[in-house]
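Colleague: Task: produce atomic coordinates for the following.
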Amino acid sequence: MDIDLAARYTAHWEGQRSTVYRDTKGIPTIGVGFNLTTGSAPAEIAALGLDYQAVLSGSVALTDAQIQQLLQTTLQTAVAAAQALVADFDSIPSAQQIVMTDLAFNMGQAMLATFVHTLAFVQQQNWEQAAYNLRQSLWYTQVGSGPAQRGGADCAVLAGTAQPTDFLSASA
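Modeller: Reported below is the predicted structural model:
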């Protein structure tokens, strides 16, 4: 999988902010969807040379380099989650790996694990059925079901009718 493409794809949907904001669930977040309430967040912020409380309070902004460093760390966690949920993850096509990584990044491993039928179809590499199942979920409508929205894009790429780069051309 092209990890740089996966990072650009996920960042496209997440957006990027240098100061703390509340995500759609009210969770303090920074950078590219970095959840500041996870157990590892204080250590990851400290690894950037920053005071966690100052970042959490909004009194400190991240640089682009710090945002990218957090994104890479979080993306690696998402890749590991996708690998844990899809036994043959490394043998599925790169575009589908990117979608599975984006799903794990967006909803976390525990939530993605509840998509048992979708995951079963991914394991079988039955992309049309996997995308169909994903379109039946609440997640799909929450993140946007339109063709230029995250749900629509993830399903199109998963089904093999689009490539991740199709959604990046305007912002690349």
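
Colleague: all strands of the protein, in order?
Modeller: Listed from the start of the chain, the chain has strands (DSSP state E) covering 17-22, 28-31, 34-35.

Colleague: what bits of the protein have low per-residue confidence?
Modeller: Applying pLDDT under 70 to the predicted model, the residue ranges of the chain that meet it are 169-172.

Colleague: Need the single longest helix in it, by residues.
Modeller: Of all the segments assigned as helix in the chain under DSSP state H, the longest by residue count is helix 64-85.

Colleague: what's in contact with that helix?
Modeller: Residues external to helix 64-85 that are found in contact with it (Cβ atoms under 8 Å, 6 or more residues apart in numbering): 1, 3, 6-7, 10-11, 16, 18, 30-34, 44, 48, 50, 62, 89-90, 97, 100-105, 108-109, 112-113, 119. No exception for glycine: its C-beta is placed from N, CA and C like everyone else's.

Colleague: What is the neighbour count of residue 38?
Modeller: Other residues within reach of residue 38, judged by other Cβ atoms under 10 Å, total 14.

Colleague: quick one: contacts for residue 129?
Modeller: Applying Cβ under 8 Å, 6+ apart to residue 129 gives the contacts residue 121.

Colleague: which residue sits closest to residue 100 in space, ignoring its chain neighbours?
Modeller: In space, residue 100 comes closest to residue 82 once its chain neighbours are excluded; the distance is 4.1 Å by Cβ to Cβ, 6 or more residues apart in numbering.

Colleague: ditto for residue 148
Modeller: residue 167 (7.1 Å).

Colleague: looking at it, that neighbour is touching residue 12, isn't it?
Modeller: Yes - with contact defined as Cβ atoms under 8 Å, residue 167 reaches residue 12; the gap is 6.3 Å.

Colleague: rewinding a little: distance check, the residue nearest to residue 100 against residue 134.
Modeller: Note on residue 82: its distance to residue 134, by Cβ to Cβ, to the nearest Å, is 14 Å.

Colleague: try residue 29
Modeller: Noted for residue 29: a distance of 23 Å to residue 134, by Cβ to Cβ.

Colleague: And residue 1, by the same measure?
Modeller: For residue 1, the distance to residue 134 under the criterion Cβ to Cβ works out to 19 Å.
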